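[1] Quick one, fold the following:
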Amino acid sequence: MNLIEQYGWNTAWQEKTGPSGIPGRVTLEHKNIYRVVTERGEWLSTLSGKYRHEHAHSEFPAVGDWVMVEQMPGEEKGIIHNVLPRSSQFSRKAAGETSDIQLIAVNVDYVFLVMSLNHDFNVRRLERYLIAAWDSGANPVIVLTKKDQCTDVEPYMRELESVAFGIPTIAVSSVTGEGIGELQKLLLPNHTGALLGSSGVGKSSLINALSGSELMAVQDIREDDSKGRHTTTHRELVRLPLGGLLIDTPGMREFQLGDYEEGVESGFADVEHFAEECRFRDCQHGNEPGCRVQEALLSGELQHDRYRSYIKLKRELAHIERKSDAAAQKVERGKWKQITKDNRKRPVKKR
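    Reported below is the predicted structural model:
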């Protein structure tokens with residue numbers, strides 16, 4: 001097995017290759033400098049001028065991407081010419097007023113949604129992660145860390161059952177090793193996972209437990225609110241001793257949704273099911289007669305907190321869609337304004 005096969009390369013990826021360079025996988029990215037593993041070794045790589053010119057920043061390579069890269073003559077450096085089509089893509093809306101989408105992890109088989117069994121446990125935040133996970137094309141797995149510090153896991157499990165239908169949930173302890181074997185069974189050779197969660201939930205400790213060594217630096221968290229500082233400051237793909245691959249990501253204090261309409265339908269299948277049973281197709285789930293959603297709320301079949309979360313997320317998606325349309329219209333107006341300006345500058349040909 002050559003080097004890139006150890007990082008997940010197979011015939012399916014081979015069919016997607018382009019004409020320029022040789023294939024490699026991005027294992028680290030920092031300020032548009034990429035560490036790329038190829039069959040000839042690891043190269044620090046930058047984007048070609050042509051690729052940078054033709055692609056928006058949101059389409060730049062991310063950790064986990066397969067790229068076509070050319071070695072610079074006489075150096076252990078490379079030039080990235082192309083990014084191969086992705087098998088999965090987990091992203092979020094970038095922070096601030098922009099409508100740009102930020103890539104978090106790509107080409108992963110499993111998205112491990114990590115929460116700790118302390119103050120960090122938050123099902124409303126988990127709902128957001130699940131929506132993006134369903135939309136990414138990867139398989140979501142919930143990982144509950146710090147089991148050794150929790151006297152009773154069952155209340156947490158019952159709360160998860162109301163929002164995570166049929167999603168595998170694994171409670172682990174990086175201290176005692178409990179549950180680590182279950183995760184290792186998923187991360188088989190050539191399989192890639194990504195760890196996603198807030199700061200201080202124990203992602204770096206989890207990687208260390210899975211690898212059996214101190215691959216990642218670990219920081220303590222505050223005891224009063226269970227919050228920690230960012231230990232991981234960049235995304236990095238690491239290879240585990242048993243052959244699996246894992247992407248560690250910086251902790252996210254907030255998770256804003258992108259355009260995840262399909263993810264909402266999957267993540268809130270229970271609410272969508274009740275809505276389909278309403279008497280009227282255009283039911284707003286208020287005071288309309290025969291509203292199945294209101295009936296479920298009154299009977300307790302549907303929790304009020306979950307329904308409020310559903311409504312909030314739907315409003316966010318509608319807002320993002322309006323902003324995206326407005327941004328697209330602004331770009332189009334700017335393009336035609338520039339064309340008009342350029343035409344005015346051209347000299348008029350005399351007949």
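[2] C-alpha only now, for contacts and for neighbours.
    Will do.
[3] Figure out how far the host helix or strand of Phe274 is from the centre of its chain.
    Assigned by DSSP states H and E, Phe274 falls within helix 269-276. Between the centre of helix 269-276 and the centre of its chain there are 25 Å (Cα atoms, centre = their mean, to the nearest Å).
[4] just stretch 129-140 next, same as before
    8 Å.
[5] ok, back up a step: only the C-alpha atoms, please, for the helix holding Phe274, written as PDB.
    Taking Å, rounded to 0.1, in the frame of the first residue of the first chain, the C-alpha atoms of helix 269-276 are listed here in PDB:
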ATOM      1  CA  ALA A 269     -38.900  14.700  10.600                       C
ATOM      2  CA  ASP A 270     -41.300  14.400  13.600                       C
ATOM      3  CA  VAL A 271     -42.500  18.000  13.200                       C
ATOM      4  CA  GLU A 272     -42.700  17.700   9.400                       C
ATOM      5  CA  HIS A 273     -44.800  14.500   9.800                       C
ATOM      6  CA  PHE A 274     -47.300  16.300  12.100                       C
ATOM      7  CA  ALA A 275     -47.500  19.200   9.700                       C
ATOM      8  CA  GLU A 276     -48.300  16.800   6.800                       C
END
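[6] Could you name the helices and strands sitting against the next helix or strand after that helix?
    Toward the C-terminus, helix 269-276 is succeeded by helix 292-299 as the next helix or strand (DSSP H and E). Under the contact criterion of 3 or more Cα pairs under 8 Å, 6 or more residues apart in numbering; DSSP states H and E, helix 292-299 touches helix 269-276.
[7] Next, the buried residues of the helix it packs on.
    Buried residues in helix 269-276, counted by 16 or more other Cα atoms under 10 Å: 270-271, 274-275.
[8] Same question for stretch 2-21.
    For stretch 2-21, by 16+ other Cα under 10 Å, it's 4, 6-9, 17-18, 21.
[9] With distance to Ile104 as new columns, can those be given to me in a markdown table?
    Compiled in a markdown table, the buried residues of stretch 2-21 are given as follows (distance: Cα to Cα, whole Å):
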| residue | distance to Ile104 |
| --- | --- |
| Ile4 | 22 |
| Gln6 | 22 |
| Tyr7 | 18 |
| Gly8 | 19 |
| Trp9 | 21 |
| Thr17 | 23 |
| Gly18 | 24 |
| Gly21 | 26 |
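[10] Pull the contacting residues for Ser309.
    Residues in contact with Ser309, defined by Cα atoms under 8 Å, 6 or more residues apart in numbering, are Arg124.
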